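Student: For reference, the sequence and a predicted model appear below.
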Amino acid sequence: MAGFMKAMAAAGALAGALVATAAGADSLTSVAGDQTPRAGSVTVDFNGTNGNTTLPNGFSLSGGQLVTGSANGWSQPLGDNTQYLMVNGGQQATLKSTGQGFDGVSLYWGSADSYNTLSVLDTMGNVIRSITGLDFAAPGANAPGSNFADPKYNQYVTYTLDSLTGQKIGGLKFASGQTAFELDNVSFFNTAPTSVPEPATLTLFGAGIGGLLAASRRRRKKTA
């Protein structure tokens, strides 16, 4: 019986550790070409004229330039004929939300270069994760022999937090080591939490079973 109780407690602890690993997972996916934002998203499309745009309520943008077309070494995202955000070499731009934050974000990343860096920020402005063009479009549109208009380098990129971690996305920072980082149609969204028990719950569950078995054994000894 003692061996069985130890095994149950160990199983509970192991299950807790496994779920802790799963619950901390985030995801990065991409697909060629611009895509339709998921339902319920808050989208920043940078549309407007002469470098002006109207942002959704609660959002602010600093740095970068709002441009159309291709010029001076930067290229519009493939198939994008609207105004988009361009961050030139050695510069950066920050898009922030003053709200409660989001579980995920998608954007149309044009001619992704190895020196383009997207930093995902939490609601306090801390970096959750940094993503470069190499993470989904190696070797990058800037590599010798690459074509900036290749769909491989024009990707709709989605980053999603695990909703069980308690983190929330509060903004994005765009930076480029050289000309340039081009992007459009940034969409922030929330997801439904997955039905995975908290690690502490599973650990207590295993320990609780062991405790119940021990109590049952003591009661049998008293009545014997």
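Tutor: Looks like it came in fine. Fair warning: this is a prediction, and the values are worked out from it, not measured in the lab.
Student: contacting residues around the residue most central in space within the chain?
Tutor: Centroid-nearest residue in the chain: residue 159, 2.8 Å away (criterion: Cα atoms, centre = their mean). By Cβ atoms under 8 Å, 6 or more residues apart in numbering, the contact set of residue 159 is 26, 27, 28, 104, 105, 106, 120, 129, 131, 169. The C-beta positions use only the backbone N, C-alpha and C, and glycine is treated the same way.
Student: Which of the residues you listed sits closest to residue 188?
Tutor: Residue 188 lies nearest to residue 105 out of these, by Cβ to Cβ, at 5.2 Å.
Student: what helix or strand does that closest one sit in?
Tutor: Following DSSP states H and E, one finds residue 105 within strand 104-110.
Student: mind listing what's buried in the helix or strand following that strand?
Tutor: Later in the chain than strand 104-110, the nearest helix or strand by DSSP H and E is strand 116-122. For strand 116-122, burial by neighbour count (16 or more other Cβ atoms under 10 Å) applies to 116, 117, 118, 119, 120, 121.
Student: what does stretch 152-168 give?
Tutor: For stretch 152-168, the neighbour count (16+ other Cβ under 10 Å) marks 153-164, 167-168 as buried.
Student: could I get these as CSV with secondary structure?
Tutor: Output for the buried residues of stretch 152-168, formatted as CSV (DSSP: H, G, I helix; E, B strand; the rest coil):
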residue, secondary structure
153, helix
154, coil
155, strand
156, strand
157, strand
158, strand
159, strand
160, strand
161, coil
162, coil
163, helix
164, helix
167, coil
168, coil
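Student: Include distance to residue 112 and pLDDT when you put those residues into TSV, please.
Tutor: Output for these, formatted as TSV (distance: Cβ to Cβ, whole Å; pLDDT from 0 to 100):
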residue	distance to residue 112	pLDDT
153	5	98
154	7	98
155	6	98
156	11	98
157	8	98
158	14	98
159	14	98
160	19	97
161	22	96
162	25	85
163	27	72
164	30	82
167	25	93
168	26	96
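Student: And the contacts of residue 159, which is closest to residue 144?
Tutor: Using Cβ to Cβ, residue 131 comes nearest to residue 144 of these, at 23.0 Å.
Student: The closest one reaches residue 117, doesn't it?
Tutor: Yes: because the distance of 7.2 Å satisfies Cβ atoms under 8 Å, residue 131 is recorded as touching residue 117.
Student: hey, where'd the helices end up in this structure?
Tutor: Taking DSSP state H, the helices of the chain run over residues 2-23, 199-223.
Student: And the buried residues of stretch 152-168, which is closest to residue 81?
Tutor: Minimum distance to residue 81 across the buried residues of stretch 152-168 is 13.5 Å, recorded for residue 154 (Cβ to Cβ).
Student: which ones are touching the closest one?
Tutor: The contact partners of residue 154, by Cβ under 8 Å, 6+ apart, come to 32, 33, 77, 78, 79, 108, 109, 110, 111, 112.
Student: Which members of these are classed as buried?
Tutor: Here, 16+ other Cβ under 10 Å leaves 77, 78, 108, 109, 110, 111, 112 buried among those.
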